[in-house]
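>>> Give me coordinates for this.
(chains A and B)
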There are 2 protein chains.
Amino acid sequence: MVVIDPLRIVLVTPRNPLNIGAVARAMSNFGFTQLRLVNPYDVAFKEARSAVNAHYVLENAEIFATVAEAVADCGLVTGTTSVGHRDLHLPLYRLEPAGEIIRENLSAEKPVALLFGSEKFGLSNEDMSHCHWLLRIPSREEHGSINLGQAVAICLYELRRSSQAAAQRFAPAPTASAEELERITSLLLHLLNHSGYLNPTTAESSELKIRRLVRRLGLPATDAVTWLGIFRQILWKLGKTESP
Amino acid sequence: MVVIDPLRIVLVTPRNPLNIGAVARAMSNFGFTQLRLVNPYDVAFKEARSAVNAHYVLENAEIFATVAEAVADCGLVTGTTSVGHRDLHLPLYRLEPAGEIIRENLSAEKPVALLFGSEKFGLSNEDMSHCHWLLRIPSREEHGSINLGQAVAICLYELRRSSQAAAQRFAPAPTASAEELERITSLLLHLLNHSGYLNPTTAESSELKIRRLVRRLGLPATDAVTWLGIFRQILWKLGKTESP
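Predicted coordinates:
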């Protein structure tokens, strides 16, 4: 079988099977399959209950003794860190540009590795020395440490997000025509007269108020018939029929 | 105290305190503070151990009996769904454009509500009927259901991501000058001669090969001195000094 998934998610010394399961679930959500674990703390991780619908990811996960072995076949090796300062001796990108660079490299000949450190300590300097560069999810400096499963989910979302999709907004729904608005206005006036809401002595200025009130609704064209039906039904119940 | 955080994260009938804690942690990571719960299953959620460094979010969380009450003060009410089809009777956006619309509304006078359904069933049709529109994280159709804590983390990341940041890549490191490359080439040739790597009878063509080899390295200017030092030290150890 030819593996066409060019991303290797590498968890270095993960401790909590729940987190490993959450990572597997996020990978399945976003269509990634290749999980690698370096020296996992709990070898029972394959039974992680949190891997809802993603056991196939755990069952195919590969285990390595060292970071060097886990990334040996990769052309680009990147690591994640919550540290904001630059004393890391490596280029440090925010996730947004890092995601673009990784996406560009996913079509390269060799796989791309994305490393995540342990829940408690993150990647060590030794782990990071295997990386070409590091990335940081733009969290608050005061609370930068993101849960492992959530961090992987955010990174994978960034790899799948589409800047084209960002521009796709719905056009506002077409609004009702002037004719439809006038029919609704007329019915509503009828209804307000018969229900005693309007004062007959001020009927003329009331008509203008109600007409403007209806125009301000931004009533969608597809809902005009429903509103006409509602007003007709109430008029009928009041013992009046629509004026001709 | 004036609350300046205009986003309300509303969890509707959440069941698992671990997930509620994970939501609080993600909110703290991305600088959001206003959590609301509708009819939570387990009222012990405030002790969620997964809320690392985010207990202040849980302690200030508000509890409501109904969705209507939880969103009453909001100007825009949006809901999340993993359902890909359009039988929802509401506009359905991908997260990318939805994030933009929400960001635009965060400066409006009234708060924005973002609703998440229960872990098992998501938002009900009744819950959704309180929403102006829905959003969907672009997960695989075959496995669209994302863990609650991860879904919130992804949405909050999208609200905090910056399209300006996406363009911020490091300029490639300045590479060594021709003079430095030639000094390295010269030292390396010396070293290869004295270590017996090069055959003296083909020395001339070897020199061209090694020169090209060094040029292909893309050696950063800041590392040139280190490499010169390395080669000099090895030459010294071999009992030879650098040629004049």
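
>>> The nearest residue to A:G218 once chain neighbours are set aside: neighbouring residues, count only.
Nearest non-adjacent residue to A:G218, counting by CB to CB, 6 or more residues apart in numbering or on different chains: A:T175, 5.9 Å away. Bear in mind the C-beta positions are built from the backbone N, C-alpha and C, glycine included. When neighbours are defined as other CB atoms under 10 Å in any protein chain shown, A:T175 has 17 of them.

>>> Quick check, A:L35 in contact with A:S28.
No. Judged on CB atoms under 8 Å, A:L35 makes no contact with A:S28 at a distance of 10.2 Å.

>>> and for the two, which residues touch both?
Common contacts of A:L35 and A:S28 (CB atoms under 8 Å, 6 or more residues apart in numbering or on different chains): A:V57.

>>> residue ranges for the helices of chain A, please.
Secondary structure of chain A (DSSP state H): helices at A:17-29, A:55-59, A:67-70, A:95-105, A:125-128, A:148-160, A:163-166, A:178-194, A:203-215, A:224-237.

>>> average pLDDT for the fifth one?
Computed over helix A:125-128, the mean pLDDT rounds to 93.

>>> Give the other helices and strands that it contacts.
For helix A:125-128, there is no helix or strand it packs on, judged by 3 or more CB pairs under 8 Å, 6 or more residues apart in numbering or on different chains; DSSP states H and E.

>>> Show me what counts as buried in that helix.
Within helix A:125-128, the residues scored as buried using 16 or more other CB atoms under 10 Å in any protein chain shown are A:D127, A:M128.

>>> For that helix, give me every contacting residue.
Residues from elsewhere that reach helix A:125-128, judged by CB under 8 Å, 6+ apart: A:V12, A:V67, A:G79, A:T81, A:L88, A:L90, A:L115, A:G117, A:L134.

>>> just the last one next, same as before
With CB under 8 Å, 6+ apart as the test, helix A:224-237 has contacts from A:176-177, A:180-181, A:183-184, A:187-188, A:190-191, A:194, A:219, A:241-242.

>>> Taking helix A:203-215 as reference, get the angle to that helix.
140 degrees (axes from the mean of the first three to the mean of the last three CA atoms, to 10 degrees).

>>> in helix A:224-237, what counts as buried?
Residues of helix A:224-237 classed as buried: A:A224, A:W227, A:L228, A:F231, A:I234, A:L235 (neighbour count, 16+ other CB under 10 Å).

>>> quick one: average pLDDT of it?
91.

>>> can you state the direction angle for that helix and helix A:178-194?
Here helix A:224-237 points in a direction 20 degrees away from that of helix A:178-194 (the same axes, to 10 degrees).

>>> among the helices of chain A, which is nearest B:A72?
Closest approach to B:A72 among those (CB to CB): helix A:203-215, 23.6 Å.

>>> could I get that closest one in PDB with only the CA atoms?
Backbone C-alpha positions of helix A:203-215 (Å, rounded to 0.1, in the frame of the first residue of the first chain) are rendered in PDB as follows:
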ATOM      1  CA  ALA A 203     -55.300  56.700  10.600                       C
ATOM      2  CA  GLU A 204     -53.500  58.600   7.900                       C
ATOM      3  CA  SER A 205     -50.300  59.200   9.800                       C
ATOM      4  CA  SER A 206     -50.500  55.700  11.200                       C
ATOM      5  CA  GLU A 207     -50.500  54.300   7.700                       C
ATOM      6  CA  LEU A 208     -47.200  56.000   6.900                       C
ATOM      7  CA  LYS A 209     -45.600  54.800  10.200                       C
ATOM      8  CA  ILE A 210     -46.700  51.200   9.500                       C
ATOM      9  CA  ARG A 211     -45.400  51.400   5.900                       C
ATOM     10  CA  ARG A 212     -42.000  52.600   7.100                       C
ATOM     11  CA  LEU A 213     -42.000  49.900   9.900                       C
ATOM     12  CA  VAL A 214     -42.600  47.200   7.300                       C
ATOM     13  CA  ARG A 215     -39.800  48.500   5.000                       C
END
